[in-house]
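1. missing the sequence, but the structure's below:
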Ligand code: TXA
Ligand code: MG
């Protein structure tokens, strides 16, 4: 395994060509996208796909995303391209959006976990874009982490889980968005949001000129083609608990420290600091078992730093991570979804 540092904005073509060479020979390359780092292999090569599943320890029922350089290549992978697909692709690609569309017959069933649809994304990160332009084939790339573990937003996070399972890591520094892409199924009559990300529902609906159904709100009679979405996911090693109020958080912090636990506490930066959070009333002997991090108070800033903060809590040996709930509004939907999944106890 090799790690090659590349310029995030003007990636060195020598490194890009080396990465493309590995992928075309059936190998695996971890590379940065604007959302998180991906574990890439040739999406049309069933053996490469198998290697991705094995490297991640991911169950075969959970399909992968095919990454391509532009929308015209995306259309080539689908057997029908709806008006909704066209509108969303035109508005948000390249960018943090994945579209689920009916698949072309010759796309390996292994990639799509046997589904008749395929998930496609055109990333905007210059390194990902340059790599995809070098390749004829689409690149299958799940997040470059072991199954159920936290997604990587830095090359070092990739190495923690996959160092012996990947041929090359392209290191371009931190991923600028920090949580995974918004996934929208546009294969049926009505577009369905399968995974929230940083794109806003209102903005998506404006582009669609109509409503976006939300998969998590749909009742049982609607088919739910989102295998893998229900799994415990994106989890740190430490137990993660989301607390509704500052007072609740303060009580739980004290309880956990009293049990000799090491606690990471995640707050939102505020100008009008909540007095309950200024002083946790922690005894001096426990003070070094408390790690407090405040993330930016805007959802984009919070998302960008979230996974790196959770990775850091794990690395410093926290037993428990206590998170103050983020606001309820739509702008925070992606972050709320990831916190909820991270706190889901298996
Ligand atoms: O931001 C991202 O999307 C990152 C970067 C690397 O592009 N990739 C990523 O991949 O998050 P992964 O494999 O960790 O998540 C893909 C999600 C899964 O939840 C999977 O169930 C869903 O997309 N998916 C893939 N194909 C699908 C399909 N045909 N129908 C429904 N859901 C699908
Ligand atoms: Mg993932």
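-> Received the coordinates, thanks. Computed from a predicted model, the values in this text were never measured in an experiment. Ligands and ions are numbered 1, 2, ... in the order given.
2. quick check: mean pLDDT across the lengthiest helix in the chain?
-> Longest helix in the chain, counting residues (DSSP state H): helix 299-315. Average pLDDT, helix 299-315: 98.
3. Buried ones in it, by neighbour count?
-> Using 16 or more other CB atoms under 10 Å as the test for burial, helix 299-315 gives 299, 302-314. From N, CA and C alone the C-beta is placed, and that goes for glycine too.
4. And for stretch 257-277?
-> For stretch 257-277, burial by neighbour count (16+ other CB under 10 Å) applies to 257, 261-268, 277.
5. Return the closest of the residues you listed with respect to ligand 1.
-> residue 266 (21.7 Å; CB to the nearest ligand atom).
6. what about that closest one, distance to residue 242?
-> 9 Å (CB to CB, to the nearest Å).
7. Ok, residue 158 next?
-> 26 Å.
8. How about residue 333?
-> Distance from residue 333 to residue 242, by CB to CB: 15 Å.
9. any weak-confidence spans in the stretch 101-250 of the chain?
-> Judged by pLDDT under 70, the stretch 101-250 of the chain has its weakly predicted residues at 219-233.
10. could you show me where the strands are in it, in order?
-> Here the stretch 101-250 of the chain has its strands, by DSSP state E, counting those that start in this stretch, at 117-121, 139-140, 168-171, 182-185, 192-195, 213-214, 239-243.
11. State the distance from the residue nearest to residue 149 when sequence neighbours are not counted to residue 143.
-> Leaving aside its chain neighbours, residue 149 sits nearest to residue 161 (5.8 Å; criterion: CB to CB, 6 or more residues apart in numbering). Distance of residue 161 to residue 143, given as CB to CB: 10 Å.
12. Find residues that contact each of the two.
-> By CB atoms under 8 Å, 6 or more residues apart in numbering, residue 161 and residue 143 have these common neighbours: residue 152.
13. Alongside ligand 1, which residues does this structure contribute?
-> Neighbours of ligand 1 within the chain, by CB under 6 Å from any ligand atom: 33, 35-36, 38, 62-65, 98, 100, 112, 115, 117-119, 121, 141-143, 180-181, 183, 194-195, 225-229.
14. before we move on, back to that, can you work out which residues contact both of residue 266 and residue 242?
-> Joint contacts of residue 266 and residue 242 (CB under 8 Å, 6+ apart) are 323-324.
15. on that earlier part again, between residue 161 and residue 143, point out the one with more neighbours.
-> Neighbour comparison, residue 161 and residue 143: the larger count goes to residue 143, with 27 against 20 (by other CB atoms under 10 Å).
16. Could you pull up the residues touching that one?
-> Per CB under 8 Å, 6+ apart, neighbours of residue 143: 36-39, 151-152, 180.
17. Most neighbours among the residues you listed, which one?
-> With neighbours taken as other CB under 10 Å, the top of those is residue 38, carrying 31 neighbours.
18. Can I take it that it is in a strand?
-> Yes - assessed with DSSP: H, G, I helix; E, B strand; the rest coil, residue 38 lies in a strand.
19. Begin at 147 from now on, thanks
-> With 147 as the first residue, the last one maps to residue 184.
20. Quickly list what it is bridged to.
-> Per DSSP bridges, the residues bridged to residue 184 are residue 177, residue 289.
21. Do you have the helices of the stretch 147-296 of the chain handy? List them.
-> Taking DSSP state H, counting those that start in this stretch, the helices of the stretch 147-296 of the chain run over residues 159-170, 192-202, 217-223, 229-238, 272-280.
22. can you check the stretch 347-492 of the chain too?
-> Here the stretch 347-492 of the chain has its helices, by DSSP H, counting those that start in this stretch, at 347-354, 392-404, 421-424, 445-461, 479-489.
23. now the angle from the fourth one to strand 385-389?
-> Our comparison of helix 445-461 with strand 385-389, counting by axes from the mean of the first three to the mean of the last three CA atoms, to 10 degrees, yields an angle of 140 degrees.
24. Show residues contacting helix 445-461.
-> Taking CB under 8 Å, 6+ apart as the rule, helix 445-461 contacts 182, 296-300, 303, 306, 320, 322-325, 344, 380, 382-384, 386, 410, 412, 414, 437, 439, 441-442, 467, 472, 477-478, 480-481, 484, 488.
25. Give me the local confidence score for residue 423.
-> 70.
26. Would you confirm that it contacts residue 392?
-> Yes - between residue 423 and residue 392 there is a contact under CB atoms under 8 Å: 5.2 Å.
27. Identify the contacts common to these two.
-> Counting by CB under 8 Å, 6+ apart, the residues touching both residue 423 and residue 392 are residue 470.
28. Skip the chain neighbours and tell me the closest residue to residue 226.
-> residue 248 (5.0 Å).
29. Pull the number of nearby residues for the one you found.
-> Residue 248 sits with 18 neighbouring residues when counted by other CB under 10 Å.
30. residue contacts, it?
-> 224-226, 262-264, 333.
31. how close does residue 351 get to ligand 1?
-> With distances taken as CB to the nearest ligand atom, to the nearest Å, residue 351 is found 20 Å from ligand 1.
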